[in-house]
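Asks: next one to model:
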Amino acid sequence: MKFLLDIHLLHVKRPVTRRVRVPGRLTLRQLHRLIQALFGWKSVHLYEFEMRKVLYGDHEILGTDVSPHGKRIHDDSMVHLRDLLAPGLRFRYRYDFGDRWAVDVRVAQAEETPGPAAVECLEGVGAAPPEDCGGAPGYANLLRGPKVAASLGFPRFDPDRFDIDIVNRRLARLFAGGRQKGTGQARVPTAWDPASGPPPLEAYCLDRLNVRHQMVAALRERQGPMALAELLERLERAGTSLPEGELSLRKAWKRQGPIWERLDGRLELDPDHLDFERFERHLEDALPGPPPPAPPPPPPEGPVTPAELQAPAGYGVRWTQYLSLPRRLTLCLVARGGRARLEDLLGDLALYGEPVDRDPDKLRFPGHRSGIQLREGVLATHYNEQRNPTLLKRPSGSSLPRMAQRSSPSLLSQEPPRRTRYFVP
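Replies: Here you go, the predicted structure:
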C-alpha cells in the first residue's frame, strides 16, 4: 500500500507545498521526520498530529499522554499510515508551539501497485521558512528582501529555492538507515587535480571521515568562513546523512577541533589550533591513493631461450631466482652450449642473485641426479630434452612463491627472496 500525500504549509503569504509518495508501513512518528526533512527543519521542538479530532504525539518528549487542553494524546509510534489513511482524508500537523507552524496534509491517492515501497518527493514549490524565524510574521519579514533577511540572521535565505534532488537524497538516507548503508554500492571518489586547489568533498573516501572531519574538509574547500546552513547543504550534496539537519552538525562539532565560530555566527578554520595538523593528516589519508600499476604481460610460451637467460632484466632474470641450483646451472650450461668453466658459470649465476664470494673448490654440485658433471674446472650437462622436457619450461604462477604472487604487478621491480642450495663440506 502506497499513499500520495499533498503537504501544504498554512498561514504564509507564499505557497510552500510538497507532493510525496510514502509506503503504508510508515508510522506517524516517521511521517513527522519525513515532513521535517521535506521542509529542512531540525526537529528540535514539540509537535502533534490531529486526525479525526484525535491527537497523536511523542510520549517520550511530552512526558505525558494528556494535552494542556485535557485531551488524550496517543503514541504516534504505535500507529501506521495504512491503518489510518484513506483517499481524500485531510489532517493537521503542528510543529513548534512557539512559532505555531501548521501543515495541512491531504491524501490524494492510495495505490495498490506492486514494487519497492520507497519514500520519494515528486514535486515541490518554495523554500520552507527557517527554524526559529518568528513564525508566520517573521517569515513575512524575510520575504521583504535579502537585506532584511540578512539583518534578521538569515543572509542566504531564498524563498524560491527548492532542490528536489537534495530532498530525495535526504529522504533516501533517512529511511535507508544511515550514510549510504544497505545499498550494496560503495561511493567512488571523484577524480581531483591537485593543481586546481584543495580537494572537494567528493574526492575523499567519506566512509573514512566522521562529520567533524567532513566539516573541516568543506571549510578547506571553501577557503573561507561558512554558515552552518551552508555546511549542511554542502555535506548533504556530497552524500552525508544528517537526519537532524544543523543539529547533527552541532552535535558532531561540540565546539572542538580546529573550527571556531565568528561573531557573525559563521564557522572558520583555525590553523593555529593544536589539532589542526592531525586533522590535515587524517584528511590526506582519506584521499584515494594512485591507481595500482598494470600487471606485466605474461611470459612467452615454449622453452626458455639462451637470449632470455642472458637478458639483464625481465622474466628470465626474475623468475629464475626462485629455481633450485641444479636447474639454474642446467639453464646456464644449455645457454652456453652444454659446457662452461666454473668461473664463467658463477658470473652467470650472479645475474640470478647467487653470491660469488664463495670458494669454487669448496662447492659440491649434485652428481648424476641432475646430469651435471664437474671435471677440471669445467661443468658439463647431459641434458636430454626428451627425457626431461619440463626442465627448460617457464614455471607457472602457481609454482612461484606466495610473495611473488602477491606482488605480481611489481614483479619486475622487486627483488624476490634469494634461494641458495650450496652444499659446503
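
Asks: so where is the stretch 1-150 of the chain shaky, pLDDT-wise?
Replies: Scanning the stretch 1-150 of the chain for pLDDT under 70 picks out 114-116.

Asks: try 50
Replies: Within the stretch 1-150 of the chain, no range satisfies pLDDT under 50.

Asks: quick one: contacts of stretch 123-141?
Replies: Contacting residues not belonging to stretch 123-141 are listed as 9, 11-19, 38-42, 44, 96, 98-101, 142, 148-149, 152, 154, 157-162, 164, 167, 229, 245-246 [Cβ atoms under 8 Å, 6 or more residues apart in numbering]. C-beta here means a position set from N, CA and C on the backbone, and glycine is covered the same way.

Asks: tell me which residues of that stretch are tucked away?
Replies: 124, 126-133, 135-136, 139-140 (16 or more other Cβ atoms under 10 Å).

Asks: same question, stretch 50-68
Replies: For stretch 50-68, by 16+ other Cβ under 10 Å, it's Met51, Leu55, Tyr56, Gly57, Asp58.

Asks: stretch 77-91 now?
Replies: Ser77, Val79, His80, Leu81, Leu84, Leu85, Leu89, Phe91.

Asks: which one of those sits closest to His69?
Replies: Among the buried residues of stretch 77-91, Phe91 lies closest to His69 (Cβ to Cβ), at 17.6 Å.

Asks: scan the protein for its longest strand.
Replies: If you go by DSSP state E, the chain has its longest strand at strand 101-111.

Asks: could you turn the buried ones of the contacts of stretch 123-141 into a PyMOL selection?
Replies: The PyMOL selection below is limited to those of these classed as buried (16+ other Cβ under 10 Å):
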select buried, resi 9+12+16+18+19+38+39+40+41+42+96+99+101+142+149+152+154+157+159+162+167+229+245+246
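
Asks: which of the contacts of stretch 123-141 fall within strands?
Replies: Going by DSSP E, the strands hold Leu9, Thr17, Arg18, Arg19, Trp101 from the contacts of stretch 123-141.

Asks: could you export those as TSV, including distance to Gln109?
Replies: TSV is the format used below for the ones in strands among the contacts of stretch 123-141 (distance: Cβ to Cβ, whole Å):
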residue	distance to Gln109
Leu9	21
Thr17	16
Arg18	15
Arg19	10
Trp101	25
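
Asks: and these, which two are the farthest apart?
Replies: Maximum distance among those (Cβ to Cβ): 18.9 Å, for Arg19 and Trp101.

Asks: picking that back up, in strands, which of the buried residues of stretch 77-91 fall?
Replies: Short answer: those in strands (DSSP E) are Phe91.

Asks: of the buried residues of stretch 77-91, which pair is most distant in space?
Replies: Maximum distance among those (Cβ to Cβ): 20.2 Å, for Ser77 and Leu89.

Asks: closest one of the ones in strands among the contacts of stretch 123-141 to Ala218?
Replies: Proximity of the ones in strands among the contacts of stretch 123-141 to Ala218 was ranked by Cβ to Cβ; the top entry is Arg18 with 27.0 Å.

Asks: which residues touch that closest one?
Replies: Arg18 touches Asp6, Ile7, Leu38, Phe39, Cys121, Glu123, Gly124, counting by Cβ under 8 Å, 6+ apart.

Asks: ok, back up a step: from the contacts of stretch 123-141, which land in helices?
Replies: Leu38, Phe39, Leu142, Val148, Ala149, Ile164, Val167, Ala229, Glu246 (DSSP state H).

Asks: picking up where we left off before, pipe the buried residues of stretch 123-141 into a markdown table and attach secondary structure per row.
Replies: Formatted as a markdown table, the buried residues of stretch 123-141 follow (DSSP: H, G, I helix; E, B strand; the rest coil):
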| residue | secondary structure |
| --- | --- |
| Gly124 | strand |
| Gly126 | coil |
| Ala127 | coil |
| Ala128 | coil |
| Pro129 | coil |
| Pro130 | coil |
| Glu131 | coil |
| Asp132 | coil |
| Cys133 | coil |
| Gly135 | helix |
| Ala136 | helix |
| Tyr139 | helix |
| Ala140 | helix |
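
Asks: which one of these sits closest to Gln373?
Replies: Closest approach between these and Gln373, by Cβ to Cβ: Gly124, at 90.8 Å.

Asks: could you check how far that closest one is from Asp158?
Replies: Counting by Cβ to Cβ, to the nearest Å, the gap from Gly124 to Asp158 is 14 Å.

Asks: cool, and Leu26?
Replies: From Leu26 to Asp158 the distance is 30 Å (Cβ to Cβ).

Asks: likewise for Leu269?
Replies: Counting by Cβ to Cβ, the gap from Leu269 to Asp158 is 26 Å.

Asks: let me see the contact set for Pro243.
Replies: Arg33, Ala37, Arg173, Leu174.

Asks: which pair in those residues spans the largest distance?
Replies: Most distant of the contacts of Pro243, by Cβ to Cβ, are Arg33 and Arg173, 11.6 Å apart.

Asks: ok, the two, which is more surrounded?
Replies: Neighbour totals were compared for Arg33 and Arg173, and Arg173 leads with 21 against 17 (other Cβ atoms under 10 Å).

Asks: now the more buried one, what are its backbone angles?
Replies: phi -70, psi -40 (degrees, to the nearest 10).

Asks: give the closest residue to it in space, chain neighbours not counted.
Replies: The shortest distance from Arg173 to any non-neighbouring residue, by Cβ to Cβ, 6 or more residues apart in numbering, is to Ser241 (3.9 Å).

Asks: I figured the one you found hits Phe175, correct?
Replies: No: with contact defined as Cβ atoms under 8 Å, Ser241 does not count as touching Phe175 (10.6 Å).

Asks: so what pLDDT did Leu342 get?
Replies: With respect to pLDDT, Leu342 has a value of 72.

Asks: how about the one 4 residues further on?
Replies: Predicted confidence (pLDDT) at Leu346: the value is 70.

Asks: next, count neighbours for it.
Replies: 17.

Asks: so which helix or strand takes in it?
Replies: helix 342-351 (DSSP states H and E).

Asks: any regions of the stretch 201-350 of the chain where pLDDT drops low?
Replies: Using pLDDT under 50, the flagged stretches of the stretch 201-350 of the chain are 312-318.
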